[in-house]
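**Q** sequence first, predicted model second:
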2 protein chains.
Amino acid sequence: MTGTRAYHHGDLRRALLAAAVEAIEEVGPAALSLRDLARRAGVSHAAPAHHFGDKAGLLTALAAQGFDLLAQTLNGAGGDLLAAGVAYVDFAVRHRAHFEVMFRPELYRADDAELVAARERSGAALRSGVGGLRSDDPGADPERDALAAWSIVHGFATLWLAGALPPRVGDDPREAARVVVSRLFN
Amino acid sequence: MTGTRAYHHGDLRRALLAAAVEAIEEVGPAALSLRDLARRAGVSHAAPAHHFGDKAGLLTALAAQGFDLLAQTLNGAGGDLLAAGVAYVDFAVRHRAHFEVMFRPELYRADDAELVAARERSGAALRSGVGGLRSDDPGADPERDALAAWSIVHGFATLWLAGALPPRVGDDPREAARVVVSRLFN
DNA sequence: CGGGAAACTTGTCACTGGCAAGATTGCCGC
DNA sequence: GCGGCAATCTTGCCAGTGACAAGTTTCCCG
């Protein structure tokens, strides 16, 4: 699906998504303008509508791409839960634009088929990462552990991106995330 | 400060902030329209500018109000860290509009004096809540514990608001938060 | 009661998203 | 090779928005 080959512009769909990433990193998803994306890509103001229908369509595609990237990232992090957690935070920082759109479902069509599939892939990757948790404890609750792990990495990533963390946390998100997440497995 | 007494409209500044809360809960902060707020309050489209200057000014006031509310909420939760964590999540759910704006600094003026003061108040409340953590452990790291606690409650709240959590978590955010947060103090 | 300031209105402009209609280009079958 | 067709993109338009300027109403204080 979505395989759009070269045509007039070259690869406008891809170019628009790339421009969207750039623009969102500069001004945030709220201030995103389709016309600005068109200008960045050197096409007319109505060109984006042809590929994505409307703004929500473009952000839907961006979110789907993001969930896909996240799934790949988590799968590539190995079975170690700590490594997966650090990879999650690292993904949020390195793909800030994608991450910010992904978890703001009011911006896109959350029931889009392609997006649902990609989200399911990243959900599976997340669960498989948590599945590697030691479960020999008598009072272990895998469901609770999974939610706790997801919450702590997601919260840390969100606070980092919002610039809400105190300066003394440092400027290396991977190292800072490793310290905080490891608290979960003292 | 900010004490605007009754005048023509009655209390337009307050009415506009209340309308903003309502509108954000309906359509999210990105789709917020000053003109829509003016219509809701029954005033002309330029009236909001007089009280807040521009859109960022209004959201700055809303964020400051939110940090103030959060500080009160946390201070009212008692010294128990678990109770404070549950209160944090409960605040996010009950004051969704405030919460969503507070942690999106690109929407407002993060260096506004009143806002900085309110944020500092909520930061102090947060730290005092974490201060109640047992520190008799030899390897205890209060800074790390504070970050971990903040991250897990913030992440859980954010995921809850985004509708990203699986249905089996239930529909009671307080109870669900209690289960997840307690994982930090096994 | 007079005058000045605060609160609000009216009018305007540039910009945006979305739609409709048209122009251009690539491509496929014959 | 070429006729036609569909995909791609452009031009033109409209309503809605944020911001600003200028004017009007209302309040308040001496």
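**A** Cool, the structure landed.
**Q** show me how the record splits chain A into domains.
**A** Residue ranges for each domain of chain A read A:8-53, A:55-185, as given by automatic domain parsing.
**Q** need those domains in a markdown table (columns: distance to residue B:106, mean neighbour count and mean pLDDT).
**A** All C-beta atoms are positioned from the backbone trio N, CA, C, and that covers glycine. Written out in a markdown table, the entries for the domains of chain A read as follows (distance: least, CB to CB, whole Å; neighbours: other CB atoms under 10 Å in any protein chain shown; pLDDT from 0 to 100):
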| stretch | distance to residue B:106 | mean neighbour count | mean pLDDT |
| --- | --- | --- | --- |
| domain A:8-53 | 4 | 17 | 95 |
| domain A:55-185 | 9 | 18 | 93 |
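**Q** stretch A:108-121 vs DNA strand C: in contact?
**A** No: judged by CB under 7 Å from any atom of the strand, stretch A:108-121 stays clear of DNA strand C, getting no closer than 11.2 Å.
**Q** with just CA atoms, put that stretch into CSV.
**A** Extracted C-alpha coordinates of stretch A:108-121, given in CSV (Å, rounded to 0.1, in the frame of the first residue of the first chain):
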residue,chain,number,x,y,z
TYR,A,108,-5.8,12.6,13.0
ARG,A,109,-8.2,9.8,12.2
ALA,A,110,-7.5,7.2,14.8
ASP,A,111,-9.6,4.6,13.0
ASP,A,112,-7.7,4.6,9.8
ALA,A,113,-6.9,1.0,8.7
GLU,A,114,-3.2,1.6,8.0
LEU,A,115,-2.7,3.5,11.2
VAL,A,116,-4.5,0.9,13.3
ALA,A,117,-2.2,-1.8,11.8
ALA,A,118,1.0,0.2,12.5
ARG,A,119,-0.2,1.0,16.1
GLU,A,120,-0.8,-2.7,16.6
ARG,A,121,2.7,-3.5,15.4
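**Q** where does residue A:40 land in three-state SS?
**A** Of the three states, residue A:40 takes helix according to DSSP: H, G, I helix; E, B strand; the rest coil.
**Q** relative to residue A:48, how far out is it?
**A** With distances taken as CB to CB, to the nearest Å, residue A:40 is found 11 Å from residue A:48.
**Q** equivalent analysis for residue A:103, please.
**A** For residue A:103, the distance to residue A:48 - CB to CB - is 23 Å.
**Q** same question, residue A:131
**A** 40 Å.
**Q** same thing with residue A:93?
**A** 27 Å.
**Q** next one: residue A:162
**A** Between residue A:162 and residue A:48 the distance is 28 Å, computed by CB to CB.
**Q** sorry, back to before: tabulate the domains of chain A (CSV), appending distance to residue B:68.
**A** Rendered in CSV, the data for the domains of chain A read as follows (distance: least, CB to CB, whole Å):
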stretch, distance to residue B:68
domain A:8-53, 23
domain A:55-185, 16
